[in-house]
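**Q** what follows is a predicted structure for the sequence shown.
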Amino acid sequence: MKLTGVHILLSYRCTFECEHCFLFCSPYAGGTFSFSSLLGLLDQAKQCGTVRTVVFEGGEPLMFYPLLLKGVETAHGMGFSVEAVTNGYWALNEQDAELWLKPLQGAGLGCLAVSDDAYHHGDVQPSPGAVAAAAARNMGMQAYTISIDPPELVSAPAAPGEKGKPVVGGDVRFRGRAVEKLAPGLPGRPWEEFTECPSEDFESPSRVHIDAAGNVQLCQGITIGNVWRAPLKEIAAKYDPVSHPVCGPLLEGGPARLGQELGLAGENEYVDACHLCYLARKQARQGLPETLVPAQAYGEVDEGPGAK
């Protein structure tokens, strides 16, 4: 695996508790990096020799502003391109937004991704997300918004003379909290249809997400190692997608194959590929305790040794 990007989950804590959140983030979640652990992870990323970009996300990283600021400064000083993902809760207006952003820009933050949708800001116009992105652009930073449309029923194409079956549209991926909050009542599709993962490149991944517990995740809740037990460089070098108990089946036949491998009942229907994959993994966690982690990704608590 040639890693070019490391996404640091600075904390699972967030100002919101969104229904579609992959990681069950909330104001009550933990899993926050200590500064010493953050420095250790950045050093490991540097030792890889291939990592070019460090992205701070969460949770909501700006809830931990001093830690984020020093993290950005340190990562930039090590030669990384530095980005951050935020919900923009702090952007009450452009003047205030610039007050928050100027120190980060000065520390080396080059790009800001901002959530801007009804899940985060309701019907407020202009939304804090839009204000934050506009302020960043006015300051000369790269900025873009992330907007997730809620699920909606649409008709699937049908043969002539037949009615199309209802399927679910929108941008929500049904893993994490979305399975509990949004999936009930939505029409499903036969499990056999989900023969590939539409979201991740498990064969040649170039980026990972790492939390304070040290979990190196290719996708939320699919872990390939722990940086507090082995160096990131070693984890990347030893990654073998075919022999991995989750990535291997996903490459072979998508969530349908994974469901068979992990023993999920085949007669069920699922809203999308993520829905089947997530439920197959969730019910198999006890059998794969080092792979199907962190517990946070499955609605449980797991702060780990790197957290404070």
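**A** Alright, I've got the coordinates.
**Q** run through the helices of the chain in chain order.
**A** Using DSSP state H, the helices found in the chain span residues 35-48, 65-77, 94-107, 118-121, 128-138, 177-181, 232-238, 247-262, 273-283.
**Q** need these in JSON lines with distance to residue 27, mean neighbour count and mean pLDDT, can you?
**A** The C-beta positions use only the backbone N, C-alpha and C, and glycine is treated the same way. As requested, the helices of the chain are exported to JSON lines (distance: least, C-beta to C-beta, whole Å; neighbours: other C-beta atoms under 10 Å; pLDDT from 0 to 100):
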{"stretch": "helix 35-48", "distance to residue 27": "21", "mean neighbour count": "18", "mean pLDDT": "99"}
{"stretch": "helix 65-77", "distance to residue 27": "16", "mean neighbour count": "19", "mean pLDDT": "99"}
{"stretch": "helix 94-107", "distance to residue 27": "19", "mean neighbour count": "17", "mean pLDDT": "98"}
{"stretch": "helix 118-121", "distance to residue 27": "14", "mean neighbour count": "19", "mean pLDDT": "49"}
{"stretch": "helix 128-138", "distance to residue 27": "16", "mean neighbour count": "22", "mean pLDDT": "94"}
{"stretch": "helix 177-181", "distance to residue 27": "14", "mean neighbour count": "18", "mean pLDDT": "87"}
{"stretch": "helix 232-238", "distance to residue 27": "30", "mean neighbour count": "17", "mean pLDDT": "99"}
{"stretch": "helix 247-262", "distance to residue 27": "32", "mean neighbour count": "21", "mean pLDDT": "96"}
{"stretch": "helix 273-283", "distance to residue 27": "23", "mean neighbour count": "24", "mean pLDDT": "95"}
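**Q** how near is residue 5 to residue 209?
**A** 10 Å (C-beta to C-beta, to the nearest Å).
**Q** who has more neighbours, the two?
**A** More crowded of residue 5 and residue 209, by other C-beta atoms under 10 Å: residue 209, with 22 against 19.
**Q** identify the bridge partners of the more buried one.
**A** Note on residue 209: beta-bridge partners by DSSP bridges are residue 7, residue 217.
**Q** touching, it and residue 3? I think so.
**A** No: contact criterion C-beta atoms under 8 Å: residue 209 and residue 3 do not qualify, at 11.6 Å.
**Q** coming back round to it: nearest to residue 204, of the helices of the chain?
**A** Residue 204 lies closest, by C-beta to C-beta, to one member of the helices of the chain: helix 247-262, at 10.6 Å.
**Q** now that closest one, how far from the chain's geometric center?
**A** 21 Å (C-alpha atoms, centre = their mean, to the nearest Å).
**Q** distance of the residue nearest in space to the middle of the chain from residue 173?
**A** Geometric centre of the chain, nearest residue: residue 220, 5.8 Å, by C-alpha atoms, centre = their mean. Distance, residue 220 to residue 173, using C-beta to C-beta: 10 Å.
**Q** what residues are bridge-paired with the closest residue in space to residue 28 that isn't next to it in sequence?
**A** Leaving aside its sequence neighbours, residue 28 sits nearest to residue 13 (C-beta to C-beta, 6 or more residues apart in numbering; 7.6 Å). Following DSSP bridges, residue 13 is listed with bridge partners residue 26.
**Q** my read is that residue 13 contacts residue 33, right?
**A** No: using C-beta under 8 Å, residue 13 makes no contact with residue 33, being 11.1 Å away.
**Q** mind checking which of those two has more residues around it?
**A** The residue with more neighbours, out of residue 13 and residue 33, is residue 33; 28 against 19, by other C-beta under 10 Å.
**Q** picking up where we left off before, how much space between the residue nearest to residue 28 and residue 129?
**A** Applying C-beta to C-beta, the value for residue 13 to residue 129 is 19 Å.
**Q** and residue 130, what does it touch?
**A** The neighbours of residue 130, taking C-beta atoms under 8 Å, 6 or more residues apart in numbering as the test, are 88, 114, 116, 145.
**Q** the second one reaches residue 132, doesn't it?
**A** Yes: proximity of residue 114 to residue 132 meets the contact threshold set by C-beta under 8 Å, at 4.8 Å.
**Q** now the common contact residues for the two.
**A** 86, 88, 143.
**Q** could you single out the nearest of these to residue 300?
**A** Set against residue 300, the nearest of those by C-beta to C-beta is residue 86 (25.2 Å).
**Q** which residues touch residue 7?
**A** By C-beta under 8 Å, 6+ apart, the contact set of residue 7 is 54-55, 57, 207-210.
**Q** quick check, nearest of these to residue 274?
**A** residue 209 (15.5 Å).
**Q** dump the residue contacts of that closest one.
**A** Applying C-beta under 8 Å, 6+ apart, the residues near residue 209 are 7-9, 57, 216-218, 220.
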